[in-house]
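> could you work out the structure for the sequence below:
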Amino acid sequence: MNSRKIRVLVSISRYGLAAFFLFTAGAKLWYISFFATNVGELLSSMHFNDQRWMWPATVAVISTELFTALLLLLPRTVRIGALLSAALLIGFSAFALYYVYILHGEPLECGCFGKLIGSQLGLKTALRNLGLLIPALLVFFGYSRARGLPADDWPADAATAEN
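Here you go, the predicted model:
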């Protein structure tokens, strides 16, 4: 694949992920009480003090999504944003599977998209999130190429790039 196609693919993935995280954080903020209640129910099912941790966990999830989008948008932090995206997507997937298959939790609206798009915790949610790992990995591994280096000259590390 030539370097122009790689740049386009990486850019679409990068900005698509940033838009995704901005959208999910915005939807959660728009319906924050709904999302916080869902977080509280999830915490309660894991025997955490839901009254104490509901709001800190809600704020942490939304803040992390906003921070991830910011990292993806800033040129110097794109690869860190891609790593954080992958970590979030894996974490959300693992939690969805844990809730349904280990805790045998009741079907619960996850609130991933506020009330805008319905989505229950489970295999479908986990697979969607794991599918989003593809653009995250494209951004992580392809961003250096996307900055204009031909595929043949892509350095293995920063020391090679300076020579």
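
> list of residues touching stretch 93-102?
42, 45, 105, 108, 110, 121-123, 125-127, 129-130 (CB atoms under 8 Å, 6 or more residues apart in numbering). Every residue, glycine included, has its C-beta placed from N, CA and C.

> buried sites along the helix or strand containing Gly16?
Gly16 is part of helix 3-30, with elements assigned from DSSP states H and E. Neighbour-count burial for helix 3-30, counted by 16 or more other CB atoms under 10 Å, picks out 3, 6-7, 9-10, 13-14, 17-18, 20-28.

> ok, stretch 128-144 next?
By neighbour count with 16+ other CB under 10 Å, stretch 128-144 contains the buried residues 129-130, 132, 135-136, 138-140, 142-144.

> verify the contact between Thr68 and Ala86 for me.
No - contact criterion CB atoms under 8 Å: Thr68 and Ala86 do not qualify, at 9.9 Å.

> name the residue in these two with the higher neighbour count.
Higher neighbour count among Thr68 and Ala86: Thr68, with 28 against 19, using other CB atoms under 10 Å.

> now for the contacts of stretch 93-102, which pair is the farthest apart?
Greatest spacing in those, by CB to CB: Ser45 and Leu130 (22.3 Å).

> with respect to Ala57, which of the contacts of stretch 93-102 is nearest?
Using CB to CB, Leu42 is the member of the contacts of stretch 93-102 that lies nearest Ala57, at 8.3 Å.

> now that closest one: which helix or strand?
Leu42 belongs to helix 32-45, assigned by DSSP H and E.
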